[in-house]
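Student: Provide a 3D model corresponding to the input given below.
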Amino acid sequence: MENYDSHEVNLKFSIGSSENPKCVSYPETLQTHPATWKVDLKCLRTVTKKNVIGIEFDVLPMKGQISSVGVYLKLQIANYVQQQLMNRTWDLIFTRRSKEFNSQNLTFFIWLNNKILLSPQNEELDVEVFMKMKGRSADSVQTPIKKNKRMSDEYNRSILQQDFKQAFENRHYTDVTLKGMNGTVLAHKFVLCCRSSAFEKLIQQNTKEIDIPNLSKDDLDVFLEYLYTGTLGNVNVETIIALYETSVFYEVISLKSSCCEALVSQITLKNANKILTLARNYDDPLLQGEVIDFVCENIPYFKTLENKQFLASNILEFLEQTANVCNAENNSINSNRPFNE
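Tutor: Here you go, the predicted structure:
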């Protein structure tokens with residue numbers, strides 16, 4: 001039986017621009033000795049996700065196998081003039097049920113979605129990471145003796161999610177039908193009521209079948225899986241747009257946020273108009289702003305007259321709305337100022 005001692009590592013490196021996004025480590029990288037862990041870094045700063053910087057951490061124990069590991073992580077980022085742009089900490093716990101973890105190594109990502117980091121003057125960033133790790137060896141794991149043995153919150157959430165996923169897949173004891181454009185799926189009223197106040201109102205009327213005509217049977221399954229598990233898999237833009245519209249109608253706020261994030265990550269030259277139309281129709285300034293940022297970064301590629309006219313109309317309306325908000329805020333500030341004769 002063996003428990004890993006705590007291990008500390010201090011890493012200093014720079015991240016280049018999107019054309020050269022590799023991590024460049026500095027000579028003064030420090031690790032405690034003897035090293036019981038090996039830590040490697042990779043950086044992701046891609047053209048397709050210009051608003052995202054990713055840092056991949058590969059943590060490898062130097063001896064034996066591990067069953068769990070706790071990581072305290074402190075991250076500081078500065079630009080080339082040493083102006084601090086970010087100072088954040090994380091307390092992370094990874095167990096055997098974590099998707100990032102196996103008994104030989106741990107790989108996890110820190111995603112930084114911060115436009116301040118990606119402004120033109122910050123093409124190269126200096127990063128300092130302090131990590132403290134403590135693991136538990138696989139040999140030290142024993143079968144629980146007490147039934148009330150306390151488990152981590154992450155483990156409990158993982159088990160709960162698996163149970164609800166199994167309920168979604170098995171569909172045992174279902175008591176309501178959702179009808180889409182080309183088929184029906186079965187569900188549990190309890191889950192629908194917990195996840196949506198709109199569904200709750202319908203079910204209180206003793207409704208046994210609910211029409212959702214804008215979703216295909218396949219899209220209904222994706223929608224239901226999210227309601228049961230809180231996860232949105234790898235789906236295409238058409239499905240995400242349909243789910244976004246459904247989330248608004250049935251007041252599933254968390255799904256709307258997930259769809260918005262998924263759409264932002266999948267904006268392309270071909271679908272920018274479609275996503276911008278969605279944002280405009282549902283008065284979503286955050287999504288609309290992300291699409292306009294993408295368009296501004298790729299102006300030379302939007303060459304057709306149709307695209308130019310459509311985008312010009314949307315962008316002008318967005319700027320007009322922004323100006324109205326700014327004017328309203330300025331008027332509010334001026335009205336609160338003391339009058340000077």
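
Student: Need the per-residue pLDDT for the closest residue to Tyr244 other than its chain neighbours.
Tutor: For Tyr244, ignoring the flanking residues on the chain, the nearest one in space by C-beta to C-beta, 6 or more residues apart in numbering is Cys259 at 4.0 Å. For the C-beta atoms, the positions are set from N, CA and C on the backbone; glycine is no exception. pLDDT for Cys259: 94.

Student: okay, now Val235: neighbour count?
Tutor: Other residues lying near Val235 total 17 when counted by other C-beta atoms under 10 Å.

Student: Isn't it up against Glu225?
Tutor: No. At 10.1 Å, Val235 and Glu225 do not qualify as touching, with contact defined as C-beta atoms under 8 Å.

Student: What segments of the protein are helices?
Tutor: Per DSSP state H, the chain carries helices over the ranges 153-170, 189-195, 197-204, 217-229, 237-249, 253-265, 272-281, 285-297, 305-335.

Student: mind putting those in TSV, mean neighbour count and distance to Asn87 included?
Tutor: Formatted as TSV, the helices of the chain follow (neighbours: other C-beta atoms under 10 Å; distance: least, C-beta to C-beta, whole Å):
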stretch	mean neighbour count	distance to Asn87
helix 153-170	13	25
helix 189-195	17	36
helix 197-204	15	39
helix 217-229	19	34
helix 237-249	19	34
helix 253-265	18	24
helix 272-281	19	32
helix 285-297	17	25
helix 305-335	12	29
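
Student: In CSV: these, plus distance to Leu112.
Tutor: Listed next are the helices of the chain as CSV, based on distance: least, C-beta to C-beta, whole Å:
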stretch, distance to Leu112
helix 153-170, 22
helix 189-195, 30
helix 197-204, 34
helix 217-229, 26
helix 237-249, 23
helix 253-265, 14
helix 272-281, 23
helix 285-297, 16
helix 305-335, 25
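
Student: Low-confidence ranges, the stretch 151-300 of the chain, go.
Tutor: Under the criterion pLDDT under 70, the flagged ranges of the stretch 151-300 of the chain are 151-152.

Student: Isn't Gln288 up against Tyr282?
Tutor: No. At 9.4 Å, Gln288 does not count as touching Tyr282 under the criterion of C-beta under 8 Å.

Student: quick one: the residue nearest to Tyr244 from Asp126, how far?
Tutor: Distance of Cys259 to Asp126, given as C-beta to C-beta, to the nearest Å: 35 Å.

Student: same thing with Val252?
Tutor: Following C-beta to C-beta, the distance that separates Val252 from Asp126 is 41 Å.

Student: leaving aside the residues next to it on the chain, what's closest to Tyr282?
Tutor: Using C-beta to C-beta, 6+ apart, the closest residue to Tyr282 is Val248 (5.8 Å).

Student: Just give me the neighbour total for the closest residue to Leu215 other than its chain neighbours.
Tutor: Counting by C-beta to C-beta, 6+ apart, Leu215 lies nearest to Gly180, which is 4.6 Å off, once chain neighbours are set aside. Gly180 sits with 20 neighbouring residues when counted by other C-beta under 10 Å.

Student: before we move on, what about the one 3 residues further on?
Tutor: Neighbour count of Gly183, defined by other C-beta under 10 Å: 13.

Student: can you tell me which residues contact it?
Tutor: Applying C-beta atoms under 8 Å, 6 or more residues apart in numbering, we find Gly183 in contact with Ser216, Lys217, Leu220.

Student: Quick check on it: phi, psi?
Tutor: The phi/psi pair for Gly183 (degrees, to the nearest 10) reads phi 170, psi 180.

Student: Bridged to the residue nearest to Leu106 when sequence neighbours are not counted, which residues?
Tutor: Nearest non-adjacent residue to Leu106, counting by C-beta to C-beta, 6+ apart: Val59, 4.3 Å away. On the basis of DSSP bridges, Val59 is bridged to Val39, Leu106.

Student: my guess is Val59 meets Lys132, correct?
Tutor: No. Applying C-beta under 8 Å as the test, Val59 and Lys132 come out as separate, 11.7 Å apart.

Student: right, and Ile241 touches Ala279 too?
Tutor: No. At 10.4 Å, Ile241 does not count as touching Ala279 under the criterion of C-beta under 8 Å.

Student: For Val59 and Lys132, list the residues in contact with both.
Tutor: Counting by C-beta under 8 Å, 6+ apart, the contacts common to Val59 and Lys132 are Val71.

Student: Have a look at the two and say which one is more surrounded.
Tutor: Val59 (23 against 16).

Student: list the contacts for that one?
Tutor: Per C-beta under 8 Å, 6+ apart, neighbours of Val59: Trp37, Lys38, Val39, Val69, Val71, Asn105, Leu106, Thr107, Phe108, Met133.

Student: Sort out which one of the residues you listed lies nearest Ile210 for me.
Tutor: Checking the contacts of Val59 against Ile210 with C-beta to C-beta, the nearest one is Phe108 at 39.3 Å.
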